[in-house]
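**Q** Model the following, please.
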Amino acid sequence: MRIIAGEHRGRLLKTPDGMGTRPMLDRVREAVFSSIGERVIDARVLDLFAGTGSLGLEALSRGALEARLVERDPRVLDLLRRNVEDLALEDRAEIVAADALATRSWGGSDARYELVFFDSPYPMLETGKTRTGIFTALEKLVTEKIVAKGLVVFHAPKDGVQENEFAPKIKVTLREYGTNAIFYLERK
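**A** Residues are numbered from 1 along each chain as shown. Here you go, the predicted model:
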């Protein structure tokens with residue numbers, strides 16, 4: 001896993017052994033950032049289910065102003081902290097050890113973001129309660145936590161989510177890359 005572009009291009013990120021985490025593939029991450037384009041410049045970023053930080057740290061490398069990285073797995077949190085330190089981004093990256101679906105982990109009531117990455121573990125989409133929690137969180141993020149022209153980037157398995165599952169007040173754009181579905185969510 002590496003930073004693809006920007007200030008820290010080519011720098012490697014520490015990742016856990018085994019298959020407990022599922023980081024977004026480099027080619028998919030590159031496609032996502034190409035789609036986002038200049039929106040990342042000076043953006044305030046919220047990276048939910050941050051894992052080792054590949055999305056939030058990529059955004060910082062490409063010119064985002066700051067990033068709030070939310071992760072709860074203690075083993076992965078240690079690697080996330082080390083990745084932030086190795087890139088000397090402590091002044092721009094805030095690490096929050098919490099459940100990414102808990103709204104309090106998203107910042108105070110006045111916190112707003114230009115860009116939110118939502119890359120939940122695929123198994124969370126398989127059961128009713130957590131699946132419902134994901135769609136509730138996505139609706140709140142779009143309607144309450146992003147700025148007027150903000151964007152939520154939601155990563156899911158291809159064919160694992162249907163566009164009609166999102167709240168009617170959300171504008172949905174879908175792009176598929178191999179077995180990955182990337183939903184770009186904005187206010188209508």
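
**Q** so who does the residue nearest in space to the middle of the chain touch?
**A** What sits nearest the mean C-alpha location of the chain, by C-alpha atoms, centre = their mean, is Phe117, with 2.1 Å. Neighbouring residues of Phe117 by C-beta atoms under 8 Å, 6 or more residues apart in numbering: Val45, Leu46, Asp47, Leu48, Ala50, Leu55, Gly56, Ala59, Val153, His155. Every residue, glycine included, has its C-beta placed from N, CA and C.

**Q** Quick check: it vs Asp91, distance?
**A** 20 Å (C-beta to C-beta, to the nearest Å).

**Q** Okay, and the beta partners of Val116?
**A** The partner list for Val116 in beta bridges (DSSP bridges) reads Leu46, Val152.

**Q** That one: how many residues sit nearby?
**A** 25 (other C-beta atoms under 10 Å).

**Q** who's in contact with it?
**A** By C-beta under 8 Å, 6+ apart, the contact set of Val116 is Val45, Leu46, Asp47, Leu48, Leu141, Lys145, Ile146, Gly150, Leu151, Val152, Val153.

**Q** hang on, the earlier thing: what does the nearest residue to the residue nearest to the centre of the chain once chain neighbours are set aside show for phi and psi?
**A** Leaving aside its sequence neighbours, Phe117 sits nearest to Leu55 (C-beta to C-beta, 6 or more residues apart in numbering; 4.2 Å). Phi and psi for Leu55, reported as degrees, to the nearest 10, are phi -80, psi -50.

**Q** Counting neighbours, what do you get for Leu55?
**A** Residues near Leu55, counting by other C-beta under 10 Å: 28.

**Q** Equivalent analysis for Asn180, please.
**A** Residues near Asn180, counting by other C-beta under 10 Å, number 19.

**Q** quick check, nearest of the contacts of Val116 to Asp17?
**A** Of all the contacts of Val116, Asp17 sits closest to Asp47, with 22.0 Å by C-beta to C-beta.

**Q** surely that closest one meets Leu60?
**A** No. Look at Asp47 against Leu60 with C-beta atoms under 8 Å: they stay out of range, at 9.7 Å.
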